[in-house]
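Asker: Next input, structure requested:
(one chain, ligands or ions: 1)
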Amino acid sequence: MKTKIKYTKYQLVALICFILIVPIAWFLSTRFESEKPSVTLELPSLSIKASQELSISVSDTKSGMRMIWIGLYKDGKEVVLLDKDFQSPEYKDRKIHKETFKIKIEPGKIGVSDGKAILRIVARDLSWRGWWHGNKTYIEKNVTIDTLAPEIDILSRTHNISQGGAALAIYRLSEPCPKSGICVGENFFPGYSGYFKDHDIFMTFFALSYDQGPKTEIFVKASDQAGNIKRAGISYYIKKKTFKKDILNISDLFLNWKMPEFDIDVPGDSKTAMLDKFLKVNRDLRKTNYREVTKLGGKTDAALYWKGAFIRLPGSANKAGFADQREYKYKGQIIDHQVHLGVDLASVAHSPIPAANNGKVAFVNSLGIYGKTVIIDHGFGLHSMYSHLSGFDVQKGQMVAKGEIIGRTGITGLAGGDHLHFGILIHNTFANPVEWWDATWIKNNITGKINDVKSR
Ligand SMILES: [Zn+2]
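Answerer: You can find the predicted model right below:
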């Protein structure tokens with residue numbers, strides 16, 4: 001017997017309602033979604049320079065974008081920077097879920113003067129919320145309009161600098177600058193404030209590399225928070241220098257004695273010829289170690305730790321000079337050329353080495369061709385370096401006084417006999433140590449200039 005399901009009138013109404021309500025509810029919930037559009041603003045800093053590009057990305061994953069508007073508000077006036085209606089014919093009924101705009105702001109051209117301003121951003125999506133205006137994202141950013149480049153006032157007078165030598169420049173900036181310093185050809189030496197009471201006064205120790213000749217351009221460069229850049233010339237005179245030639249004969253005895261020390265740095269098998277290994281050490285490892293040391297030179301304290309002439313290893317003889325042009329000979333053949341960026345000083349074996357001046361120990365370790373090495377930071381980018389040591393008497397981070405024993409001379413690294421390789425590093429450039437041993441040179445070129453600025 002068939003049983004016929006009988007619906008009551010109420011049940012039927014309920015069923016129809018259910019069939020209709022579910023899709024309608026779903027439809028309405030998507031149309032009334034509450035997710036706000038997301039806005040990402042890319043601005044290098046909160047300062048806007050004379051010509052400033054900003055990038056803004058808007059996205060809305062659900063309904064899609066309705067509009068984006070950006071205005072710059074200053075002194076009661078608002079200048080519209082961007083006004084996009086994503087429902088306009090420009091977008092041909094395409095739904096925009098993500099869009100990026102690049103905007104160039106030129107305050108001078110749009111009549112906005114320097115000073116504090118507000119960047120306002122409004123973005124809406126296509127949701128039916130907000131009485132069919134969409135979900136709204138509103139962002140306000142306080143910015144500073146700064147179209148003027150910093151003023152640079154050079155306070156130190158004539159700068160005499162030798163090829164491979166050092167100098168000091170002192171200058172005052174008219175506004176805070178995250179980056180300022182001296183350009184020496186392609187090289188840049190950062191300036192540091194903090195020495196003078198006036199914190200707008202900066203000091204930069206800089207050096208000419210041994211291979212930078214009299215035509216090298218030297219000037220001060222500063223960029224302010226907005227990125228406005230200013231260059232200022234300094235008066236300088238570059239003294240040309242020619243450096244000595246030196247021949248180093250490499251014997252099998254030396255290779256067999258020294259090369260095993262470099263097994264870790266320059267691995268090779270038993271078939272690798274000793275001479276090949278030497279060339280790898282002398283060329284590639286030298287480059288790697290050089291990079292490590294010059295990188296260390298960039299880390300420094302903004303304090304003038306040192307005072308007076310630097311100490312030269314007592315009772316020692318000069319065995320090699322700064323920037324000696326070294327020719328390496330093996331069985332009468334020239335096999336390599338390198339430049340010696342320090343001074344070699346020899347005394348009796350295992351001589352105690354005094355710290356050349358007051359400073360903070362920045363490095364104590366073995367360093368490839370340099371062997372056991374100590375580097376002292378004397379502040380403002382000036383460092384002294386002691387290599388080929390047999391032992392250390394100091395630890396990293398420790399303050400040392402001029403004359404305090406930091407280690408003993410030795411033959412570690414690429415050294416053929418007990419000696420001290422002494423180097424002076426200014427930021428990332430090796431400079432001639434001879435200048436720093438000379439009290440008159442220091443007075444004329446460094447302390448005299450500092451005192452001159454102090455007394456003004
Ligand atoms: Zn040396």
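Asker: contacts, neighbours, all on C-alpha from now
Answerer: Fine.
Asker: Quick check, the residue in the stretch 201-350 of the chain closest to the ion?
Answerer: Closest residue of the stretch 201-350 of the chain to the ion, C-alpha to the ion: Asp344 (4.6 Å).
Asker: repeat for the stretch 301-450 of the chain
Answerer: For the stretch 301-450 of the chain, C-alpha to the ion, closest residue to the ion: His421, 4.2 Å.
Asker: That residue contacts Ser347, doesn't it?
Answerer: No: between His421 and Ser347 there is no contact, the gap being 11.7 Å when judged by C-alpha atoms under 8 Å.
Asker: Settle it for me: which of the two has more neighbours?
Answerer: His421 (26 against 18; other C-alpha atoms under 10 Å).
Asker: residues in contact with Leu54?
Answerer: Going by C-alpha atoms under 8 Å, 6 or more residues apart in numbering, Leu54 touches Leu41, Glu42, Leu43, Pro44, Lys102, Ile103, Lys104, Ile105.
Asker: Buried members of those into PyMOL, please.
Answerer: A single PyMOL command is used to select the members of the contacts of Leu54 judged buried by 16 or more other C-alpha atoms under 10 Å:
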select buried, resi 105
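Asker: quick one: which of the contacts of Leu54 sit in helices?
Answerer: Among these, no residue falls in helices (DSSP state H).
Asker: Identify each buried residue in stretch 31-41, please.
Answerer: Arg31, Phe32, Glu33, Ser34, Glu35, Lys36, Pro37, Ser38, Val39.
Asker: Mind jotting down where the helices sit in this structure?
Answerer: Counting by DSSP H, the helices of the chain are 9-31, 129-132, 252-258, 274-279, 286-296, 433-437, 439-442, 448-455.
Asker: which other residues reach the longest one?
Answerer: Helix 9-31 is contacted by residues Lys62, Ser63, Ser127, Trp128, Arg129 when judged by C-alpha under 8 Å, 6+ apart.
Asker: Pull up the residues of the protein that are close to the ion.
Answerer: Asp344, His421 (C-alpha under 5 Å from the ion).
Asker: So for the chain, the centremost residue is which one?
Answerer: Gly298 (8.4 Å; C-alpha atoms, centre = their mean).
Asker: quick one: it and Phe380 touch, right?
Answerer: No: counting by C-alpha under 8 Å, Gly298 stays clear of Phe380, with 9.3 Å between them.
Asker: ok, back up a step: how about CSV for the buried residues of stretch 31-41, with pLDDT and distance to Leu304 added?
Answerer: Below are the buried residues of stretch 31-41 laid out as CSV (pLDDT from 0 to 100; distance: C-alpha to C-alpha, whole Å):
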residue, pLDDT, distance to Leu304
Arg31, 83, 67
Phe32, 86, 66
Glu33, 89, 63
Ser34, 87, 60
Glu35, 90, 57
Lys36, 92, 55
Pro37, 94, 53
Ser38, 94, 50
Val39, 94, 47
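Asker: Now flag whichever of those is closest to the ion.
Answerer: Distances from the ion to the buried residues of stretch 31-41, taken by C-alpha to the ion, are shortest for Val39, at 58.3 Å.
Asker: Just grab the bridge partners of the residue nearest to that closest one when sequence neighbours are not counted for me.
Answerer: Excluding the flanking residues, the one nearest Val39 by C-alpha to C-alpha, 6 or more residues apart in numbering is Val58, at 4.6 Å. Going by DSSP bridges, Val58 is paired in beta bridges with Val39, Glu99.
Asker: and Val58, how many residues sit next to it?
Answerer: 22.
Asker: what about Lys449, neighbour count?
Answerer: Neighbours of Lys449 (other C-alpha under 10 Å): 20.
Asker: any idea which of the contacts of Leu54 is closest to the ion?
Answerer: Among those, Pro44 lies closest to the ion (C-alpha to the ion), at 44.8 Å.
Asker: need the contact list for that closest one.
Answerer: Here Pro44 is in contact with Leu54 (C-alpha under 8 Å, 6+ apart).
Asker: do the same with Ile121
Answerer: Ile68, Trp69, Ile70, Gly71, Thr137, Tyr138, Ile139, Glu140.
Asker: if you set the cut-off to 10 Å instead, what comes out?
Answerer: Applying C-alpha atoms under 10 Å, 6 or more residues apart in numbering, we find Ile121 in contact with 39, 41, 56, 68-72, 81-83, 137-141.
Asker: now the chain, which segments are flagged as low pLDDT?
Answerer: Across the chain, the ranges flagged by pLDDT under 70 are 1-5, 270-271.
Asker: domains of it?
Answerer: 38-145, 152-241, 245-449 (automatic domain parsing).
Asker: just so I have it, where are all the strands in the stretch 251-400 of the chain?
Answerer: 317-320, 324-330, 333-340, 343-346, 352-354, 359-366, 372-379, 382-389, 391-392, 399-400 (DSSP state E, counting those that start in this stretch).
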